[in-house]
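>>> The sequence and its predicted three-dimensional model are supplied below.
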Amino acid sequence: MRLKVNGQEVEVQEGTLLLEITDPPHLCYHPHTETRGLCRLCLVEVNGRLLPACATQAQEGMEVRTDTEDLRTLRKTLLEWLALFTDLSLAPGLQGLLEAYGAHPGRWGRVPETRKEREPIRDNPFFLRDYAKCINCRRCVDACGEGIMGVWALTLEGRGLLAHPTTPLDRPLPETPCVFCGNCIQVCPTGALRPLSMEV
Amino acid sequence: MEKPSLLPLLDARLPLSEEKVAEAARLAGVPLAQAWGVVRYYPRYRGLPQGRLLVDDPVARARGFARLLEGADGTHPPLGLEALSPIHVRVEGEERYVEWEGRLIPFKEFRLPFALGQGNRLLPPEPILELDQYEALGGSVFLRRALKNLLAPEAILQAVEEAGLLGRGGAAFPAHIKMRAVARGEPPRYLVVNADESEPGNFKDRFLLEHHPFLVLEGALLAALAVGASQVFLYVRDEFEAAILGLENAIRQLGEAGLLPVPTEVFPSGGLYICGEETALLESIEGKRAEPRLKPPFPVEKGLWGRPTLVQNVETLANLPLILREGPGTWRQTEPKLFSVTGDVARPGLYELPLGTSLEDALQRAQGEPEALKAVLLGGAAGVFTRDFTFPLRYKGRLPLGAGAIVAFGKEVDLWEVLLGLAEFFREESCGECFPCPLGTAVQVEMVRRRERNPDLVHSLGQTLKGSLCGLGQSAYWAYQSLLEVEGAA
Ligand code: SF4
Ligand code: SF4
Ligand code: SF4
Ligand code: FES
């Protein structure tokens, strides 16, 4: 089938994700988990509508734009907000994007409620859960549950800005079904979950 | 058949302990992690705020909110009591009361005063809570015909199509398109009545449910027959306890009269604004966190438990018996729409008006004077401030009608205070599933607090919220942007 990406004709196979033929920044999507469509960084314009490239299949005759002025504003702002509320110091990919989009988190002024004040949770000998760095992409929750392991040692806490992963009944990890496989650490994009060996 | 839903199992075990959560998870056949995620999502499992609470709605925000708060232990989200606002509720344990005329009335017994309803097609002059009353007024006729095979499913679909009925929940999507899509799907199919009205400023569905349960049920059953649904769920805002009891009573009466062709049950909602988003609502019935799904697929294809599902608003369905009775052509000439008119008008209440009525006429019906107003909030929290009083109230116009809320603000009202209430509402109600909405609504509160007018910042805010996953985030900046326009025009 044929479609247009930024004015250029492209020929692709049925079922191809727009993310595979375009190159918008993306964050929640991971090839090994089913998380997608959440971060909205990969939004592209399809026939005038905003759609997540990570969750949209190419269709005959689509006109896709990946880098309009509006999309740049959206991505830049979203990155700024992430930096405003979350500690991105161990997320080099995101730091790079912030620079590439000329982001200035400071332009939004002060925000009283942030994720940065959360204390790291050290409840097992293997890894740290440092939710001050968590953007709530849910990759870890999916990896532990439906996506990879099927053990369900992680779930979600709360709503809104303060939503983030937790354990069932908020128990320490060793008291959950966790088998310390490390899949959640593998998929975490921000260093919110990281091996204790990395700590000094 | 699907597994038992987790929410009613948890409800039956309130107040919760860890053992009770584990037991509910076992009975529902879900991982403990899922049950805990649900407990950590819905306020009623985490623990309701207690004490004397001021209902925080746009009318209360316009009446000196800080001073009103002095006599309260906290706030409660809007409850469809705007016509009575400012008003307090009291929460003691799991018991909830409305403070009304110097008395404490349990939610179970509290109905909106009938005097608030003005109209006659959807709002007959008396509450109709008994089947024989309803039938004496010509009710159930089409249901009976359908049950005797004298009214075919296709004839119902045809009538809805000819009437051009648009969804009354806010999205204004043509009802027949959704209905036909579901009717074409593989059985089993479901019908879900969206009765989770939580939009600040609106109380039309609450009123219909409390006073005209048979009208709503007849509409729902006609729709269920039309699309071949094998089960009807009424997802009713859990605070509307009197409405839930009234509906259950009406369902029982219909059943006894042999007028219940499809199993019908009431499902008390999760008690959050986001539960009204149709896919979040479906997740909630399935016993999960009420978080919107990615669309496509749409519920008409993959809805409840992955089956074709028709989700329709209460008012939309209530129109079905009317369309059949009057005939689609006659109905269409003056399409009735319910408007909740509140704020600075002499007679706040619910008004049934033909679509196309001007905003000015609507205000005057409620004895409000446009010249005395600074602006109107049209459409609720996901609405806009406007001074265009000549605006004809119809869908697909320049301004969003939403579910039909009209809140009038007099010249002395500080609209930024009202806006701050709306901004805080969105921040509180954001589900936190996608990124722009929880971040953006939190930023928005701070911007509104400092009365930020910088066009670059406001533009970036809107542009980014627009990219949210569902309508909650997508509409969260409309009121802000429109207030700046109203200010610029003043
Ligand atoms: S390490 Fe534990 S929590 Fe992480 S994915 Fe494996 S089982 Fe789940
Ligand atoms: S801990 Fe990491 S993987 Fe898990 S939600 Fe947070 S950022 Fe995503
Ligand atoms: S827009 Fe808001 S309410 Fe809707 S999915 Fe995103 S976070 Fe949830
Ligand atoms: S990567 Fe597509 S929305 Fe996150």
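Good, I have the coordinates. Numbering: from 1, shown residues only, chains lettered A, B, ... in the order given. Ligands and ions are numbered 1, 2, ... in the order given.
>>> Could you use CA atoms for every contact and neighbour count after this?
Fine.
>>> Direction included, what does the helix or strand harbouring B:Phe267 pair up with?
Taking DSSP states H and E as the criterion, B:Phe267 maps to strand B:264-268. With DSSP bridges as the test, strand B:264-268 is paired with strand B:231-236 (parallel).
>>> Is there proximity between the helix or strand B:Ala25 falls within and chain A?
Following DSSP H and E, one finds B:Ala25 within helix B:18-28. Yes: using CA under 8 Å from any CA of the partner chain, helix B:18-28 comes into contact with chain A via B:Glu18.
>>> Can you dump the C-alpha atoms of that helix in CSV for me?
Taking C-alpha atoms only, helix B:18-28 is exported to CSV below (Å, rounded to 0.1, in the frame of the first residue of the first chain):
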residue,chain,number,x,y,z
GLU,B,18,-5.8,-6.5,53.1
GLU,B,19,-7.5,-9.9,53.7
LYS,B,20,-10.8,-8.6,52.1
VAL,B,21,-8.9,-7.3,49.1
ALA,B,22,-7.1,-10.6,48.6
GLU,B,23,-10.4,-12.5,49.0
ALA,B,24,-12.2,-10.2,46.4
ALA,B,25,-9.2,-10.8,44.0
ARG,B,26,-9.6,-14.5,44.4
LEU,B,27,-13.3,-14.5,43.9
ALA,B,28,-12.9,-12.3,40.7
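>>> any residues touching it, and which ones?
Helix B:18-28 has contacts (CA atoms under 8 Å, 6 or more residues apart in numbering or on different chains) with A:169, B:3-6, B:9-10, B:13, B:31-32, B:34-36.
>>> List only buried entries from those residues.
A:169, B:4-6, B:9-10, B:13, B:31-32, B:34-36 (16 or more other CA atoms under 10 Å in any protein chain shown).
>>> okay, who's weakest in those by pLDDT?
Of all these, B:Pro4 carries the smallest pLDDT score, 88.
>>> Whichever strand or helix holds B:Gln463 vs chain A: in contact?
Using DSSP H and E, B:Gln463 maps to helix B:455-465. Yes: judged by CA under 8 Å from any CA, helix B:455-465 comes into contact with chain A at B:457, B:460-461, B:463-464.
>>> Excluding sequence neighbours, find me the nearest residue to B:Ala60.
Excluding the flanking residues, the one nearest B:Ala60 by CA to CA, 6 or more residues apart in numbering or on different chains is B:Pro86, at 4.8 Å.
>>> wait, that neighbour sits on B:Val55?
Yes: with contact defined as CA atoms under 8 Å, B:Pro86 reaches B:Val55; the gap is 6.9 Å.
>>> The two: which has the busier surroundings?
B:Val55 (27 against 21; other CA atoms under 10 Å in any protein chain shown).
>>> contacting residues around that one?
B:75-79, B:85-89.
>>> any idea how far B:Thr386 is from whichever residue of chain A sits closest to chain B?
Distances between chain A and chain B by CA to the nearest CA are smallest at A:Gly160, namely 3.7 Å. A:Gly160 sits 29 Å away from B:Thr386, going by CA to CA, to the nearest Å.
>>> Which residue does the stretch 251-400 of chain B have closest to ligand 4?
Residue of the stretch 251-400 of chain B nearest ligand 4, by CA to the nearest ligand atom: B:Leu294 (10.3 Å).
>>> Tell me how far the residue nearest to the spatial centre of chain A lies from B:Glu315.
In chain A, the centroid-proximal residue (CA atoms, centre = their mean) is A:Cys28; its distance is 2.8 Å. Using CA to CA, A:Cys28 is found at 38 Å from B:Glu315.
>>> Please apply the same query to B:Ser230.
22 Å.
>>> Which of these two has more residues huddled nearby?
Neighbour totals were compared for B:Ser230 and B:Glu315, and B:Glu315 leads with 26 against 16 (other CA under 10 Å).
>>> Give me the contact list for the helix or strand encompassing the more buried one.
Per DSSP H and E, B:Glu315 falls inside helix B:314-326. For helix B:314-326, the surrounding residues in contact (CA under 8 Å, 6+ apart) are B:121-122, B:142, B:156, B:159-160, B:163, B:165-169, B:175, B:193-195, B:204-205, B:208-209, B:215-220, B:222-223, B:331.
>>> Mind checking which of these land in helices?
Mapping those onto helices (DSSP state H) picks out B:142, B:156, B:159-160, B:163, B:175, B:204-205, B:208-209, B:215-220, B:222-223, B:331.
>>> So which residues on chain A come close to ligand 3?
Within chain A, no position is adjacent to ligand 3 by CA under 6 Å from any ligand atom.
>>> show me where chain A has strands.
A:2-5, A:8-11, A:43-46, A:49-52, A:63-65, A:127-129, A:155-157, A:164-166, A:193-195 (DSSP state E).
>>> quick one: whichever residue of the stretch 351-490 of chain B sits closest to chain A from A:Asn136, how far?
Here the stretch 351-490 of chain B gets closest to chain A at one residue, B:Gly432, 3.7 Å apart by CA to the nearest CA. Distance, B:Gly432 to A:Asn136, using CA to CA: 8 Å.
>>> Can you check which residues contact both of the two?
Going by CA under 8 Å, 6+ apart, residues that sit against B:Gly432 and also against A:Asn136 are A:Ala163.
>>> Show the low-confidence segments of chain B, by residue range.
B:1-2, B:489-490 (pLDDT under 70).
>>> Just give me the residue right at the centre of it.
B:Glu197 (1.8 Å).
>>> ok, that one - contacts?
Counting by CA under 8 Å, 6+ apart, the residues that B:Glu197 touches are B:80, B:203, B:205-206, B:236-237, B:273, B:276.
>>> and the longest helix for chain A?
helix A:69-85.
>>> so does it get close to chain B?
Yes: with CA under 8 Å from any CA as the measure, helix A:69-85 is seen reaching chain B through A:70, A:73-75, A:77-78, A:81-82, A:85.
>>> what about B:Thr441, distance to B:Cys470?
Distance, B:Thr441 to B:Cys470, by CA to CA: 13 Å.
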